[in-house]
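Asks: For reference, the sequence and a predicted model appear below.
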Amino acid sequence: MKIKFVIPNMEKTFGIVEFGSFKEVKAKRARGQTVVESRMYHLFSSIQTADNVEVILPGDAGEKNNFEYGDRVELINPRIEAEGDKAGSTAYTDYKLYADDMKRIQ
């Protein structure tokens, strides 16, 4: 059985989540126009403190330019996908966090 994604318990997995910064946009050219496929943002977690958490939102979620550094956020329909690869005799797994959208918590 193939696992497509895991739905995390956000409270237990990430705790309090805060906005960090915009990271990158992935776009493509289609019929002479630029189409945004996704945007990635840095978030901070009160539980996952070793690294920033990176979340990937679909392009149609829009820009999150109204978020301030440190704003508490909630992810809409979060899911974690695992991507495996092999380099020589070593294998590794890269976990990616996706969500449909992100909103500020007051």
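Replies: Happy to help now that I have it.
Asks: right, and the helix or strand after whichever strand or helix holds residue 34?
Replies: Using DSSP states H and E, residue 34 falls within strand 33-45. Counting by DSSP H and E, the element after strand 33-45 in chain order, helix or strand, is strand 53-58.
Asks: How about that next one, which residues are buried there?
Replies: 53, 55, 56, 57 (16 or more other C-beta atoms under 10 Å). Every residue, glycine included, has its C-beta placed from N, CA and C.
Asks: Return the distance of the strand holding residue 34 from the chain's centre.
Replies: Computed by C-alpha atoms, centre = their mean, to the nearest Å, the chain-centroid distance of strand 33-45 equals 8 Å.
Asks: CA atoms only: put that strand into PDB for me.
Replies: What follows is strand 33-45, C-alpha atoms only, in PDB (Å, rounded to 0.1, in the frame of the first residue of the first chain):
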ATOM      1  CA  GLN A  33       1.400  34.300 -19.200                       C
ATOM      2  CA  THR A  34       3.200  33.500 -15.900                       C
ATOM      3  CA  VAL A  35       1.200  31.200 -13.700                       C
ATOM      4  CA  VAL A  36       2.200  30.800 -10.100                       C
ATOM      5  CA  GLU A  37       2.200  27.100  -9.200                       C
ATOM      6  CA  SER A  38       3.100  27.400  -5.500                       C
ATOM      7  CA  ARG A  39       4.600  29.600  -2.800                       C
ATOM      8  CA  MET A  40       6.800  28.500   0.100                       C
ATOM      9  CA  TYR A  41       6.900  30.200   3.500                       C
ATOM     10  CA  HIS A  42       9.100  29.800   6.600                       C
ATOM     11  CA  LEU A  43       7.200  29.200   9.800                       C
ATOM     12  CA  PHE A  44       8.400  28.800  13.400                       C
ATOM     13  CA  SER A  45       7.200  26.000  15.600                       C
END
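Asks: avg pLDDT for it?
Replies: In this model, strand 33-45 carries a mean pLDDT of 93.
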